[in-house]
Every structure is written in structure tokens, then in C-alpha cells.
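Engineer: this one's sequence-less:
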């Protein structure tokens, strides 16, 4: 399972709020792109999803197809010149 830092959870919550997602069963799903990267899209929670919740809302949905791609990784948020950006990096210890 992926480890998600508090900064990443805050950013996912902001993205979910900005997308006007209000249903309790809808979160942001990690989806593979054609170029090999991962993206996010609003989607309904499925029975076999791993779910990361923050502030009482599902902020990240991870399906079985993607779970192996993010195993032993940390999802973090870093500040860039163009604003906050979610990044995956190798897991190096406890979540912040």
C-alpha cells in the first residue's frame, strides 16, 4: 500500500473540493495514463478499492490495477514555482 503524507492528503482534499465533489462515495482515483504516468479523476468508491480518507472524506481511491504500481511508495506534495504538486517517491520510513 502507498503511504500518503499529511501534506498530500491536504492537497488531495483541496483538489476534491475544487472539483465540487460532494458525494460521500466519490473520491479521486489514481489512474494510469498512456505515457506511463499516473493521474487523478473523480470516481465512485468500489468495493475492492483501497481508500485514503482525510477530514471525513475519501480523498484517494486505489484500485487493484494500480495498487502494485504504488506499493512501497510515498505520495507527497512538494512546492514548485507553478504551485503544489503531488509526487510519488520510494518509501523511506514513517509517514509525516
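Structural biologist: Received it, and whenever you're ready, just let me know what you need. Note that the structure is predicted; figures quoted are calculated from it, not measured.
Engineer: tell me the strands beside the helix or strand that contains residue 51, with direction?
Structural biologist: In the assignment (DSSP states H and E), residue 51 maps to strand 50-54. According to DSSP bridges, strand 50-54 has the following sheet partners: strand 57-62 (antiparallel).
Engineer: show residues contacting the helix or strand following the partner strand.
Structural biologist: Downstream of strand 57-62, the next assigned helix or strand under DSSP H and E is helix 64-70. Helix 64-70 is contacted from outside by 1-2, 30-32, 38, 48, 50, 62, 88, using C-beta atoms under 8 Å, 6 or more residues apart in numbering. To be clear about C-beta, it is placed using only N, CA and C from the backbone, and glycine gets the same treatment.
Engineer: now do the phi/psi pair for residue 71.
Structural biologist: With angles defined as degrees, to the nearest 10, residue 71 sits at phi -60, psi 140.
Engineer: next one: it from residue 62, what distance?
Structural biologist: Look at residue 71 and residue 62: by C-beta to C-beta, to the nearest Å, they are 10 Å apart.
Engineer: least trustworthy helix or strand in the chain by mean pLDDT?
Structural biologist: Ranking every helix and strand in the chain by mean pLDDT, DSSP states H and E puts helix 64-70 at the bottom, with a mean of 90.
Engineer: show me what counts as buried in it.
Structural biologist: Buried positions in helix 64-70, judged by neighbour count with 16 or more other C-beta atoms under 10 Å: 66, 70.
Engineer: now that helix, how far from the chain's geometric center?
Structural biologist: Centroid separation for helix 64-70 versus its chain: 12 Å, with C-alpha atoms, centre = their mean, to the nearest Å.
Engineer: I'd like the next helix or strand past it.
Structural biologist: Following helix 64-70 toward the C-terminus (DSSP H and E): strand 73-80.
Engineer: mind giving me the packing neighbours of that next one?
Structural biologist: For strand 73-80, the packing partners by 3 or more C-beta pairs under 8 Å, 6 or more residues apart in numbering; DSSP states H and E come out as strand 3-4, helix 6-18, strand 83-90.
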